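Peer 1: Everything below, folded, please.
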Amino acid sequence: MPEKAVLSFRKKKIELDVYQGTQKELAIDITKLRAKTGMITLDPGYGNTGSAMSDITFVNGEKGILKFRGYRVEELAEHSRFVEVAYLILFGKLPNRDEYQKFSHLLEEHTALHSSLEHHFNGFPDNAPPMAILSAMLNATACYHPELLDTELDAQNFLTASTKILSKVRTIAAMSYRRSNGFPIIYPNHQLKYCANFLHMMFSQPYREYEVDPVVERALNIFFLVHADHEQNCSASTVRMVSSSRANLFSSVAAGVCALWGPLHGGANTEVIKMLQSIYKEKKSADAIITMAKDKKSKFRLMGFGHRVYKNFDPRARILKKQVDEVYKILKISDPLLDIAKSLEEKALQDEYFIERKLYPNVDFYSGLLLRAIGIPLNMFTVMFAIGRCPGWMAHWKELLDHNQRIVRPRQIYMGVVERKFIPIEERE
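Peer 2: As a prediction, this is how the structure comes out:
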């Protein structure tokens, strides 16, 4: 039997069940609150609301811990690859050799888009936002797989649908990049692995094959891996809300793309690079920037520091910082933006203002620098985030349906006019 919490209001008391997760987190079950009291809870932004019981990802922001299906992200980044972690997140366990080979084979098999879909790219203007293209093309792709639009997918059909999306999302991304730059389409090379194939489709030319450096390939693997899921964030919650209506996997993932598009979610690493570029252009010192960030009268915001959940060092930031150093070294890149970033980090971590407020570098602080070194243009940064996040979105879609959760329908506190009488237009002031 669960423990009980007692709510007292206006001389009336009710008992509410208390549940404890495997990591000792406690939650009060309020599903019957309105029926028992006529009241609802008010929590704009859902910062104190548990929307689900999930076994996909665990985040402890106070201690800086991130786990996928029980595995620490640091251990996975050290020993695994994105495709293997995608399987883990989707199916709840690390694959054995046969499962991994089958999964990888399906990703290779599903890389190409239907030839008719290629013509859709011509309908977008050259300056179309890549995230808009990605969302639209995911929905368009669904039209060519009607057998996968049922929400009651068996294990085989979920495997097929998830590998189609995970494979084709990088093809769509690469084609949108090449289309916007006037480059000819480069088709997949099935001899290459997941990340290398993406880099090939992005940067090869008909007259010159892109040579994939193993260090760069490994760094991109880790970039996708650390973004694979992050619990009940804005886009994951969007996917779950959409899927609660029993929307298909393609449209639910497309909804996640749209949520990720927002600058407060997936666009943060873009803002970090813009900030660093501005600092470099204006030749401001790290000390001056730190002073500006602490000044409440200043409109300046130090991007890439602090997090809605983490009140400690974001473990993903440490992982990506190491990859940035390795990629810049192997490619022999001298980038003043990296020097500025490291100086800002050093100053901030020694400043009492940042220490007291627990403002540490987050994943966005170094991820943009990594993508910049690889050659990914600024307007594609959020698309790269979306590719990495696809396993998490699809796992949340499946988990919600497996739990048979009812359609999501939040309540509100109405603050408008109580009642009005209709006035004919000729009598209105």
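
Peer 1: for the strand ranked longest in the chain, packing partners?
Peer 2: Assignment by DSSP state E gives strand 12-20 as the longest strand of the chain. Strand 12-20 sits against strand 3-9, strand 26-28, helix 33-37, with contacts defined as 3 or more CB pairs under 8 Å, 6 or more residues apart in numbering; DSSP states H and E. Where you see a C-beta, it was placed from the backbone N, CA and C, and this is true even at glycine.

Peer 1: Out of the ones you listed, indicate the one that is most buried.
Peer 2: strand 26-28 (a mean of 15; mean count of other CB atoms under 10 Å).

Peer 1: ok, that strand: who's next to it in the sheet?
Peer 2: strand 12-20 (antiparallel) (DSSP bridges).

Peer 1: Alpha carbons only: can I get the strand it pairs with in CSV?
Peer 2: Extracted in CSV, the C-alpha atoms of strand 12-20 (Å, rounded to 0.1, in the frame of the first residue of the first chain):
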residue,chain,number,x,y,z
LYS,A,12,-11.8,19.4,5.3
LYS,A,13,-9.0,16.8,5.0
ILE,A,14,-8.4,14.2,2.3
GLU,A,15,-5.7,11.6,1.9
LEU,A,16,-3.7,11.4,-1.3
ASP,A,17,-1.5,8.4,-2.3
VAL,A,18,2.3,9.0,-2.3
TYR,A,19,4.4,7.0,-4.7
GLN,A,20,8.2,6.5,-4.6
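
Peer 1: Could you check the angle that strand makes with strand 3-9?
Peer 2: When axes from the mean of the first three to the mean of the last three CA atoms, to 10 degrees is applied, the directions of strand 12-20 and strand 3-9 differ by 150 degrees.

Peer 1: picking up where we left off before, so which of the helices and strands packed on strand 12-20 comes closest to Gln232?
Peer 2: strand 26-28 (12.4 Å; CB to CB).

Peer 1: Buried residues in stretch 127-140, which are they?
Peer 2: Ala128, Pro129, Pro130, Met131, Ile133, Leu134, Ser135, Ala136, Met137, Leu138, Ala140 (16 or more other CB atoms under 10 Å).

Peer 1: Now tabulate those residues in a markdown table and tack on secondary structure.
Peer 2: Putting the buried residues of stretch 127-140 into a markdown table (DSSP: H, G, I helix; E, B strand; the rest coil) gives the following:
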| residue | secondary structure |
| --- | --- |
| Ala128 | coil |
| Pro129 | coil |
| Pro130 | helix |
| Met131 | helix |
| Ile133 | helix |
| Leu134 | helix |
| Ser135 | helix |
| Ala136 | helix |
| Met137 | helix |
| Leu138 | helix |
| Ala140 | helix |
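
Peer 1: Taking those residues, tell me the two that lie furthest apart.
Peer 2: Based on CB to CB, the longest span within the buried residues of stretch 127-140 runs between Pro129 and Ala140 and measures 16.1 Å.

Peer 1: How much space separates Ala219 from Ala196?
Peer 2: According to CB to CB, to the nearest Å, Ala219 and Ala196 sit 12 Å apart.

Peer 1: Need the residues touching each of the two.
Peer 2: Here Ala219 and Ala196 share no contacting residue, scored by CB atoms under 8 Å, 6 or more residues apart in numbering.

Peer 1: out of those two, which sits in the busier spot?
Peer 2: Ala219 (23 against 19; other CB atoms under 10 Å).
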